[in-house]
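Asks: Okay, here's the prediction I keep looking at, along with the sequence it came from:
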Amino acid sequence: MACPNCNRLERLLYAQISANSAALTSAGLQSLGVNAGLSNAAGELIGPMAAEETIKAGRAVGRGAKRKVSAYNRKYKAAFKKVAPRYKLKNGKWSAGGFKKAVKEAHRIAGGKKR
């Protein structure tokens with residue numbers, strides 16, 4: 001069984017990481033009741049990870065509105081779902097060359113390449 005400080009630190013780290021917070025500094029951990037030596041070590045280890053998570057979150061937020069799905073894309077998606085089981089084995093894997101054949105047939109059904 002781990003010591004009470006280790007258990008507390010582990011719970012705090014999981015809570016901070018799951019909340020995607022960049023407040024994982026040694027001072028922040030000390031304010032939450034973790035002793036100084038342990039919080040300094042954890043702050044050095046977690047700091048770069050928290051900064052990386054913040055950068056990822058910033059990229060995800062700044063994407064803007066989703067694109068509109070085209071009519072052809074909807075038709076192709078439906079056709080592919082309809083055709084795919086024919087080219088799969090009983091265990092769910094694709095048969096040899098099956099994916100390529102399914103894509104080609106789905107495009108044919110959806111009405112692609114009308115040039």
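Replies: Good, I have the coordinates. Quantities reported herein were computed from a predicted structural model and do not represent experimental measurements. Residues are numbered from 1 along each chain as shown.
Asks: what's the following helix or strand after the helix or strand bottoming out on mean pLDDT in the chain?
Replies: The weakest-scoring helix or strand in the chain, judged by mean pLDDT, DSSP states H and E, is helix 36-61 (a mean of 60). Following helix 36-61 in sequence order, the next helix or strand is helix 71-83 (DSSP states H and E).
Asks: Give me the buried stretch members for that next one, please.
Replies: 75-76, 79-80, 83 (16 or more other CB atoms under 10 Å). C-beta here means a position set from N, CA and C on the backbone, and glycine is covered the same way.
Asks: Which helix or strand lies directly C-terminal to that helix?
Replies: helix 98-110.
Asks: Tabulate the buried residues of helix 71-83 (CSV), appending distance to residue 11 and pLDDT.
Replies: Below are the buried residues of helix 71-83 laid out as CSV (distance: CB to CB, whole Å; pLDDT from 0 to 100):
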residue, distance to residue 11, pLDDT
75, 50, 94
76, 47, 95
79, 50, 96
80, 45, 97
83, 49, 96
